[in-house]
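> I would like the atomic coordinates for the input below:
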Amino acid sequence: MDTKTLNDELERYLRPESFPLGIRMFEKEDLPAKVKIPRRDFGCEIAICQGISIGRRYGWTVAMEREDINCPLARVAFGFDKPVDFYTEGNLCFGMYTETKEAGRISEEAVPKFEYGRYGYIVAGPLNRIDYVPDVVVVYGNSGQVLRLLTAFLFKRGGSLTCSFTGRVDCADIVVKTTQTQMPQIILPCYGDRLFGQTQDQEMAFTFPWKFSEEIVEGLKGTHQGGIRYPIPSFLRYNPVFPPSYEKLMEIWKKGG
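Reported below is the predicted structural model:
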């Protein structure tokens, strides 16, 4: 399985509106050559969810380091900045997401995080264009498309997929949690992803570690052959019911009138 083949199979079975992405964490010296760097190429700093949206909507490969990112939550989650006391005490949650600082502290603890200083860049680009093997694949779509990916993952193994949600910092769920757990995740787009990444209300996402690519494709094929399709077909073979006046005319015709 290579990234272009995976992209073709996802396009065939899901028909997503935006490009499926391959995301990889890089050391600075390993950065791919053909990338867009926000400060250099866009003249601005962005949130990671913006970079992901640029990748999936523009078809560009975006590389973001610490100085390109102006979202403090993402800087901490991706290990670009240290979680200092002001952060860990819950001040960023308090009054916005939580009633108390203590509840905010618990919420910040729940955000998955990379070790501080472990990585230099997060790179996100369309599967059909990138020249690196991704750590994580993310596909945005509607609930029906995410359902198809879920059933594809469970095709061989059965059972269920357990995910957790905080309603915040979904970029950490997409990359950090998926990398750390080495399991797929269903992603509920957070407020920032909707505000800054302009993710729409009908959209959600499904992520999986690269190692599951072949299994996901086999699952998409298998469930498709079993009758689980996208677009999901409607059952249309039934007798519709019409107003009484329509039925009366039908009776007249049946009597030869």
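
> Geometrically speaking, which residue is the centre of this protein?
Centroid-nearest residue in the chain, with Cα atoms, centre = their mean: Ala205, separated by 3.1 Å.

> Next, count neighbours for the closest residue to that residue other than its chain neighbours.
Nearest non-adjacent residue to Ala205, counting by Cβ to Cβ, 6 or more residues apart in numbering: Ile187, 3.8 Å away. (C-beta placed from N, C-alpha, C; glycine too.) Neighbour count of Ile187, defined by other Cβ atoms under 10 Å: 25.

> Looks like Ile187 contacts Phe206 (just checking).
Yes: under the criterion of Cβ atoms under 8 Å, Ile187 makes contact with Phe206 at 6.8 Å.

> Wait, a helix at the residue nearest to the centre of the chain?
No: counting by DSSP: H, G, I helix; E, B strand; the rest coil, Ala205 falls outside a helix, being strand.

> Count the residues that sit near Leu6.
21.

> Test my guess that it contacts Glu218.
No: Leu6 is not in contact with Glu218 according to Cβ under 8 Å; the separation is 11.7 Å.

> need the helices for the stretch 1-150 of the chain, in chain order.
3-14, 48-58, 72-77, 85-88, 101-110, 143-157 (DSSP state H, counting those that start in this stretch).

> Same list as before, the ones you listed that is, but in TSV and with mean pLDDT included.
As requested, these are arranged in TSV below (pLDDT from 0 to 100):
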stretch	mean pLDDT
helix 3-14	98
helix 48-58	98
helix 72-77	98
helix 85-88	98
helix 101-110	98
helix 143-157	98
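
> quick one: low-confidence parts of the stretch 151-257 of the chain?
Scanning the stretch 151-257 of the chain for pLDDT under 70 picks out no residues.

> Okay, helices next: where are they in it?
So, for the stretch 151-257 of the chain - with DSSP H, counting those that start in this stretch - the helices run 170-171, 178-181, 191-195, 213-225, 244-254.

> and the ones you listed, which is most packed in?
For these, average neighbour numbers computed from mean count of other Cβ atoms under 10 Å are highest in helix 170-171, which has a mean of 28.

> Quick check: which helices or strands does it pack against?
helix 48-58, helix 191-195 (3 or more Cβ pairs under 8 Å, 6 or more residues apart in numbering; DSSP states H and E).

> Most tightly packed of the helices of the stretch 1-150 of the chain?
helix 48-58 (a mean of 24).

> how distant is it from the center of its chain?
11 Å (Cα atoms, centre = their mean, to the nearest Å).

> Would you mind pulling up the elements that that helix packs against?
strand 21-26, strand 62-64, strand 121-126, strand 136-141, helix 170-171, helix 191-195.

> how about 7 Å then?
With contacts taken as 3 or more Cβ pairs under 7 Å, 6 or more residues apart in numbering; DSSP states H and E, helix 48-58 sits against strand 21-26, strand 62-64, strand 121-126, helix 170-171.

> Sheet partners, orientation included, of the first one?
Each strand that pairs with strand 21-26, with its direction, by DSSP bridges: strand 121-126 (antiparallel), strand 136-141 (antiparallel).

> mind checking how far that strand is from the chain centre?
Counting by Cα atoms, centre = their mean, strand 21-26 comes out at 13 Å from the chain centroid.

> residues making contact with that strand?
3, 52, 55-56, 119-127, 130, 132, 134-138, 175 (Cβ atoms under 7 Å, 6 or more residues apart in numbering).

> mind listing what the nearest residue to Glu11 once chain neighbours are set aside touches?
Nearest non-adjacent residue to Glu11, counting by Cβ to Cβ, 6+ apart: Pro20, 7.7 Å away. Neighbour list for Pro20: 7, 10, 127, 137, 139 [criterion: Cβ under 7 Å, 6+ apart].
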